[in-house]
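Colleague: dropping the sequence and predicted coords here.
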Number of protein chains: 2
Amino acid sequence: MDKKVRGKGEVEEDVHPPARPLRADAQRSRDALLETALSVFTTSGVDAPVREIAEKAGVGVGTLYRHFPQRSDLIAAVFRREVDACADAAAVLASEFSPGEALERWMQRFASFVATKRGLGTALHSGDPAYDALPAYFESRLGPALQTLLDAAVASGEVRPGFEASELLLAVSGLCMMAQYGGPVHAERMVSVFVNGLRRGSDPQ
Amino acid sequence: MDKKVRGKGEVEEDVHPPARPLRADAQRSRDALLETALSVFTTSGVDAPVREIAEKAGVGVGTLYRHFPQRSDLIAAVFRREVDACADAAAVLASEFSPGEALERWMQRFASFVATKRGLGTALHSGDPAYDALPAYFESRLGPALQTLLDAAVASGEVRPGFEASELLLAVSGLCMMAQYGGPVHAERMVSVFVNGLRRGSDPQ
DNA sequence: TATAATACGGAACATTGTTCCGTTTGTCAA
DNA sequence: TTGACAAACGGAACAATGTTCCGTATTATA
């Protein structure tokens, strides 16, 4: 199985279905599906049956598949919105806290996002090519957001240099996916340990 | 609960005390299934179809289910052996390196185990109650192994106190499950950062 | 309002986990 | 060695879920 190597500037598959606006009923169906799917994914994880989502959204499975040709397309669409919200939080935190504080708070924010999306990691690991674009999108949105916070924290001398935003994202993602077993307190503690490991004064290597 | 102490070269198939020995053909089937499953899991991940494993092992699906009533039971059985090997490595490392060095080396050893078991984390996160016994066993074997190394590192003053082996296991598990995206070097770097975060001198809180 | 393009619903199909049961095999006492 | 019986076997059948197909309903437009 060939995995595509993710490069930095890689963005912009045709994420936008450009040409014609959706018909009114189609737009209704799409909105209902996205909203319902988010709710179901949050409570039951992304493994929830497609039929359940369609039923709760008040549409048939055929309609669901018209909008999202594969189950994974629905998952990807739902997560894209969530990721956008998380990325946008970076600017707010940067304006309200010191660089080091903003960095750790954003890490915790990102951590809680990952921790509440049960099955997200499962999906990314599934090997389904439909998910290939998802990590790329995650990084294209979250990478720059974190990089800004990271650069500021390095510049202020609170964090030692030498780390890429992308690798920290991966690390914290994994760290938090285990949160379900240790509870929210566990996740927070471990993210804290990890961020401490980045601080100036920590043993390099 | 007290477990039987294992000798070095001791090979032990039965986890449960043999109330009755398996019939010869049953033992053959069981061995073939475990060996085949390990191979298939390693190459294709734990999501490999049950039929494929049964076929490659040269038995019927009925036979597979006789030995492992649920798919997850087979997964658990396969990983138990792997986990035992990892746990046993702790004593060896402790005898060959300083406490701090042994701790980090064992973390890296555990990390590579997790990273090469694609889908292990997926299974643990599936929410299927059938997998509940798996983390429990992992901790029952790996927890004490790590705790010994951790205590020694704290006693020698290299690591600050206040951490449980179990929470570190969870954290490093998550950290390494992301290794497929960042590569082995990434995993090693991130584990290193994490361990550095544990060292005395790191900012507590 | 009439017409065509678009969207809808759900039955039908494919894949995979699991169960059931008639058949085969190993064990052990006679 | 042999016969009886419990244990184990194989694979068809069942259940759950992702996906496709197509006849019907709705919407946009002239």
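Modeller: Yes, it's here. Numbering: from 1, shown residues only, chains lettered A, B, ... in the order given.
Colleague: quickly list the domain ranges of chain A.
Modeller: Annotated domains of chain A cover A:22-69, A:78-198 [automatic domain parsing].
Colleague: most tightly surrounded among those?
Modeller: Of all the domains of chain A, domain A:78-198 carries the top mean neighbour count, a mean of 19, counting by mean count of other C-beta atoms under 10 Å in any protein chain shown. From N, CA and C alone the C-beta is placed, and that goes for glycine too.
Colleague: over to residue A:59. Which of the three states is it?
Modeller: Using DSSP: H, G, I helix; E, B strand; the rest coil, the structure places residue A:59 in coil.
Colleague: err, residue A:46, not the other one
Modeller: Put simply, residue A:46 is coil when judged by three-state DSSP.
Colleague: isn't it up against residue A:116?
Modeller: No: the pair residue A:46 / residue A:116 is not scored as a contact, 11.7 Å apart, by C-beta atoms under 8 Å.
Colleague: distance check, the residue in chain A that DNA strand C sits nearest to against residue A:43.
Modeller: DNA strand C sits closest to residue A:62 of chain A, with a gap of 1.9 Å, by C-beta to the nearest atom of the strand. Using C-beta to C-beta, to the nearest Å, we find residue A:62 at a distance of 25 Å from residue A:43.
Colleague: same deal with residue A:158?
Modeller: Distance, residue A:158 to residue A:43, using C-beta to C-beta: 38 Å.
Colleague: what's the longest helix in chain A?
Modeller: The residue-count maximum for a helix in chain A (DSSP state H) belongs to helix A:71-96.
Colleague: the next helix or strand after it near chain B at all?
Modeller: Downstream of helix A:71-96, the first helix or strand assigned by DSSP states H and E is helix A:99-116. No: applying C-beta under 8 Å from any C-beta of the partner chain, one finds helix A:99-116 out of contact with chain B, separated by at least 9.4 Å.
Colleague: next structured bit after the helix or strand of chain A with the lowest mean pLDDT?
Modeller: Every helix and strand in chain A was compared by mean pLDDT, DSSP states H and E; the lowest is helix A:120-125, with a mean of 68. Per DSSP H and E, the first helix or strand lying C-terminal to helix A:120-125 is helix A:133-155.
Colleague: list the contacts of the residue of chain A found nearest chain B.
Modeller: Of all residues in chain A, residue A:197 sits closest to chain B, with a separation of 3.1 Å (C-beta to the nearest C-beta). By C-beta atoms under 8 Å, 6 or more residues apart in numbering or on different chains, the contact list for residue A:197 reads B:193-198, B:202.
Colleague: nearest to DNA strand D, of these?
Modeller: Among the contacts of residue A:197, and counting by C-beta to the nearest atom of the strand, the member closest to DNA strand D is residue B:194, at 34.7 Å.
Colleague: from what I can see that closest one touches residue A:195, true?
Modeller: No: applying C-beta under 8 Å, one finds residue B:194 not in contact with residue A:195, separated by 10.2 Å.
Colleague: what's the closest non-adjacent residue to residue A:97?
Modeller: residue A:105 (6.1 Å; C-beta to C-beta, 6 or more residues apart in numbering or on different chains).
Colleague: my read: that neighbour touches residue A:95, true?
Modeller: No: if you go by C-beta under 8 Å, residue A:105 and residue A:95 don't touch, sitting 11.9 Å apart.
Colleague: give the residues shared as contacts by the two.
Modeller: Shared contacts of residue A:105 and residue A:95, defined by C-beta under 8 Å, 6+ apart, are absent.
Colleague: picking up where we left off before, comparing the domains of chain A by mean pLDDT, which bottoms out?
Modeller: Among the domains of chain A, domain A:78-198 has the lowest mean pLDDT, at a mean of 85.
Colleague: which residues touch the residue nearest the centre of chain A?
Modeller: In chain A, the residue lying closest to the centroid (C-alpha atoms, centre = their mean) is residue A:83, at 4.5 Å. Residue A:83 is in contact with A:113, A:137-138, A:141-142, counting by C-beta under 8 Å, 6+ apart.
Colleague: what does residue A:106 give?
Modeller: A:89-90, A:93, A:145-146, A:149.
Colleague: likewise residue A:87?
Modeller: Neighbouring residues of residue A:87 by C-beta under 8 Å, 6+ apart: A:141-142, A:144-145.
Colleague: near DNA strand C too, which of those residues?
Modeller: By C-beta under 7 Å from any atom of the strand, no member of those lies near DNA strand C.
Colleague: just give me the closest of those residues to residue A:53.
Modeller: Residue A:53 has its nearest neighbour among the contacts of residue A:87 in residue A:141, at 24.4 Å by C-beta to C-beta.
Colleague: could you find the closest non-adjacent residue to that closest one?
Modeller: residue A:87 (4.3 Å).
Colleague: now do residue A:169
Modeller: Setting aside the residues directly before and after it, residue A:169 is nearest to residue A:142 in space (C-beta to C-beta, 6+ apart), at 5.7 Å.
Colleague: surely the one you found meets residue A:170?
Modeller: No: Residue A:142 is beyond contact range of residue A:170, at 10.6 Å (criterion: C-beta under 8 Å).
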